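Asker: No sequence on hand, only this structure:
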């Protein structure tokens, strides 16, 4: 894609960098690291984000920010193992190793904080998981949509970790909210190849443009 801070229709384009946090990276020995998230990948994402900012794009971030008693952490369910799926109040809940616990080192965003106009924290309510930067599994909205509208954003470039979970959920919710969305596959990493491939197809089916890299 050609990098301009407005679309051909003159619409303002923003960037959402999803969950670039220590616990999701192999670089920081994260408890829930996606494959390929080493220091080289993180530095690639930071460099690309810096270039976008220099070109005039408003940059926003999402940050997983869980209380220690969060419903998605398997130790909070007696007898359960990591990556089990359980039924909880009519929805499927995957149980994860504890990750991105509020105020811990590996919950920090690894990119320079000065890149971001705003950082939207998600997963703060212990009752609900929250893959999307727009809302949690209980339907409770974050401030993301309000911030984007305040900044006049009509289209979005989305990338980060993980392609098959939080990138997908954020991109799809953005599309559902009326934004024109582009996902950058080369600046994203998924948990597993099969779920990542399915996620890319799901996003395309929603009208989301998927590109390998930014120009």
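Answerer: Structure's in. What do you need? Because the structure is a prediction, the values reported are computed rather than measured.
Asker: Please count neighbours and contacts with C-alpha atoms only from this point.
Answerer: Fine.
Asker: what's the distance between the residue of the chain most remote from its centre and residue 171?
Answerer: Among the C-alpha atoms of the chain, the one most distant from their mean position (Cα atoms, centre = their mean) is that of residue 79, at 29.6 Å. Between residue 79 and residue 171 the distance, using Cα to Cα, to the nearest Å, works out to 34 Å.
Asker: So what's the residue count around residue 113?
Answerer: The local packing count at residue 113 equals 12, with neighbours defined by other Cα atoms under 10 Å.
Asker: Let me see the ranges of the strands in the protein.
Answerer: Secondary structure of the chain, counting by DSSP state E: strands at 12-18, 59-64, 85-88, 91-94, 118-122, 153-160, 180-184, 209-211.
Asker: For this structure, give me the ranges with low pLDDT.
Answerer: Low-confidence segments of the chain (pLDDT under 70): 1-4, 6-10.
Asker: Show me which helix runs longest in it.
Answerer: Longest helix of the chain, by residue count under DSSP state H: helix 39-54.
Asker: could you give the angle of that one to strand 153-160?
Answerer: Going by axes from the mean of the first three to the mean of the last three Cα atoms, to 10 degrees, helix 39-54 is angled at 170 degrees with respect to strand 153-160.
Asker: on contacts alone, who are the packing partners of helix 39-54?
Answerer: Based on contacts counted as 3 or more Cα pairs under 8 Å, 6 or more residues apart in numbering; DSSP states H and E, the elements that helix 39-54 packs against are strand 59-64.
Asker: distance of residue 164 from residue 16?
Answerer: Summarising the geometry, the distance separating residue 164 from residue 16, computed by Cα to Cα, is 16 Å.
Asker: Between these two, point out the one with more neighbours.
Answerer: The neighbour count for residue 164 versus residue 16, taken as other Cα under 10 Å, is higher for residue 16 (27 against 24).
Asker: beta partners for that one?
Answerer: When assigned by DSSP bridges, residue 16 has beta-bridge partners residue 60, residue 158.
Asker: so it touches residue 155, yeah?
Answerer: No - the criterion here is Cα atoms under 8 Å, and residue 16 misses it with residue 155 at 10.5 Å.
Asker: Common neighbours of the two, please.
Answerer: In the contact map built from Cα atoms under 8 Å, 6 or more residues apart in numbering, no residue is linked to both residue 16 and residue 155.
Asker: Can you tell me how far the closest residue to residue 85 other than its chain neighbours is from residue 144?
Answerer: Among residues not flanking residue 85 along the chain, residue 94 sits closest, at 4.3 Å (Cα to Cα, 6 or more residues apart in numbering). As for residue 94, its distance to residue 144 is 24 Å (criterion: Cα to Cα).
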